[in-house]
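J.: Everything below, folded, please.
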Amino acid sequence: VDPERLYYVYVSAQPGVYWKMFSEDDENFDYRCPVGVTPANLPGQIHWRPFRNGRSFCMRVAPESRPFAASNINRGSNRPDQWTNLWMSDPREGLPASLTLQWDKPIRFNTVQIVFDTNMNRRVRDAFYRYPECVKEYNLESETGGSWRMLAKEEENYMRRRVHRFEPLFSDRLRLNVLATNGVPNARVYEIRVYDEAAPHRRERIRQPFHDRELSTWIYRVDRIGFHLPPDDLAQ
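T.: Below you'll find the predicted structure:
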């Protein structure tokens, strides 16, 4: 087995031959089917039926494939496709775990985007469900002049994508320290992106007189909620 490739394994039905399966009984436990793997069966002739609810086949390959290296975080993808595209720290070493990005020379940046693992193989309808695979507590540091500076920290994360913005700085190293997860014993990160974003343009509102009452409605939107106020109320 090539440790840098994924494989397609197909076993047709044979009398007296069985393939053992396992199922996750505890819905709050981490999903033990490896990231980038989709177990399925073929009940007909054409359409495959993926297994859900933590069910998967049991199998072992030798030598072991190691598709979760740190280099996966800069492959340009934040989900498994033709590769796992995920960094996983060694669960035997526990937490904390850290991941460092290093450049040949200091670069200027003011924004860091992180994509964590929220197990897209598991379907959960609870809006505030905390995926055990998702990083819970972490911090970001940059190194300048031999010392590390804290840029951001989070203690109760349960979201997949996080964006941290701060004052522009120059550094040749950025470090993510994972201190805890919502359940699993190791850190899991799909992607880290570093940007030097331009300052947003300031928008100025200019009041102009309205001549048609039907059109004299100001629309204000807060997130996804829209409400209307007539100019007379706004002028008070």
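J.: Where do the helices of the chain begin and end?
T.: Using DSSP state H, the helices found in the chain span residues 231-235.
J.: so where's it shaky on pLDDT?
T.: Scanning the chain for pLDDT under 70 picks out 1, 3-4, 24-32, 53, 201-236.
J.: Let's see that with 80 instead.
T.: Low-confidence regions of the chain, defined here as pLDDT under 80, cover residues 1-8, 22-38, 45, 51-56, 58-66, 82, 120-127, 199-236.
J.: Neighbours of the residue found closest to Asp117 once you drop the neighbours it is linked to in the chain, how many?
T.: For Asp117, ignoring the flanking residues on the chain, the nearest one in space by CB to CB, 6 or more residues apart in numbering is Arg188 at 3.8 Å. All C-beta spots, glycine's among them, are computed from the backbone N, C-alpha and C. Arg188 is flanked by 24 other residues according to other CB atoms under 10 Å.
J.: Would you confirm that Arg188 contacts Asp90?
T.: No - assessed by CB atoms under 8 Å, Arg188 is found out of contact with Asp90, at 11.8 Å.
J.: So Trp87 versus Arg175, what's the distance?
T.: Relative to Arg175, Trp87 is positioned 13 Å away (CB to CB, to the nearest Å).
J.: Run a quick neighbour tally on the closest residue in space to Glu143 that isn't next to it in sequence.
T.: Excluding the flanking residues, the one nearest Glu143 by CB to CB, 6+ apart is Arg173, at 4.0 Å. Residues lying near Arg173 (other CB under 10 Å) number 14.
J.: Alright, I will stop here.
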